[in-house]
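In: okay, structure incoming, though there's no sequence with it:
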Ligand SMILES: O=P(O)(O)OC[C@H]1O[C@H](OP(=O)(O)OP(=O)(O)O)[C@H](O)[C@@H]1O
Ligand SMILES: Nc1ncnc2[nH]cnc12
């Protein structure tokens, strides 16, 4: 994890922001995380959902590798069609995520991917959105799990795979 960037006081004072951008920008690092996340859930998903923003990169690559489609779970206000919304809180504030259920095939087994897990709010909101859209959530994969924010406990019902825990 020497490629992990840690940025103090971002996005607000007191937060040590863990930025995985250098991992994704490194050819070997990117391949390694995509392979591990894909292998951890191999054969158990029909689509991959990525949480905006870095989750998009992970979901796209894992979906392409597995030969399945990708679902973009977007921050509120970005999608043009009929949306469903889940509000949640995270380490540094409140947010909302949305999907367009009319563009998601019900009955799919969906793998959720994101870069970082902290409180689990983003993954929990995504799980609820996908279930509301008629999907079954296979589990969630993250590159980095931050201990101490209760995410794993909150997501106890979910098959959760973290490549690195800090
Ligand atoms: O487990 P949680 O407490 O929900 O935190 C994890 C989320 O926080 C970060 O996203 P952020 O909302 O900062 O957006 P970004 O990806 O656009 O930086 C990170 O990328 C995860 O999506
Ligand atoms: N410290 C942190 N670094 C990166 N993403 C986060 N999401 C919530 N807390 C975070």
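Out: It's in. Note that the structure is a prediction, hence the values are computed from the model and not measured. Ligands and ions are numbered 1, 2, ... in the order given.

In: residues near residue 141, how many?
Out: 29 (other Cβ atoms under 10 Å). (Glycine included, C-beta is placed from N, CA and C.)

In: what helix or strand is the nearest residue to it once chain neighbours are set aside on?
Out: Residue nearest to residue 141 in three dimensions, not counting chain neighbours: residue 37, with 4.1 Å by Cβ to Cβ, 6 or more residues apart in numbering. Under the criterion of DSSP states H and E, residue 37 resides in helix 27-40.

In: okay, the residue nearest to residue 141: pLDDT?
Out: On the pLDDT scale, residue 37 is placed at 98.

In: that one contacts residue 115, correct?
Out: No. In this structure, residue 37 is not within contact of residue 115 by Cβ atoms under 8 Å, at 10.7 Å.

In: common neighbours of those two, please.
Out: Counting by Cβ atoms under 8 Å, 6 or more residues apart in numbering, the residues touching both residue 37 and residue 115 are 58, 143.

In: the helix or strand where residue 48 lies close to ligand 2?
Out: Counting by DSSP H and E, the element that carries residue 48 is strand 47-51. No. On the criterion Cβ under 6 Å from any ligand atom, strand 47-51 is out of touch with ligand 2, staying 10.5 Å away.

In: report the angle between that strand and helix 27-40.
Out: 130 degrees (axes from the mean of the first three to the mean of the last three Cα atoms, to 10 degrees).

In: show me what strand 47-51 is packed against.
Out: Applying 3 or more Cβ pairs under 8 Å, 6 or more residues apart in numbering; DSSP states H and E, we find strand 47-51 packed against helix 54-66, strand 69-75, strand 109-117, helix 121-132.

In: if you count neighbours, what's buried in the first one?
Out: Within helix 54-66, the residues that count as buried by 16 or more other Cβ atoms under 10 Å are 54, 55, 56, 57, 58, 59, 60, 61, 62, 63, 65, 66.
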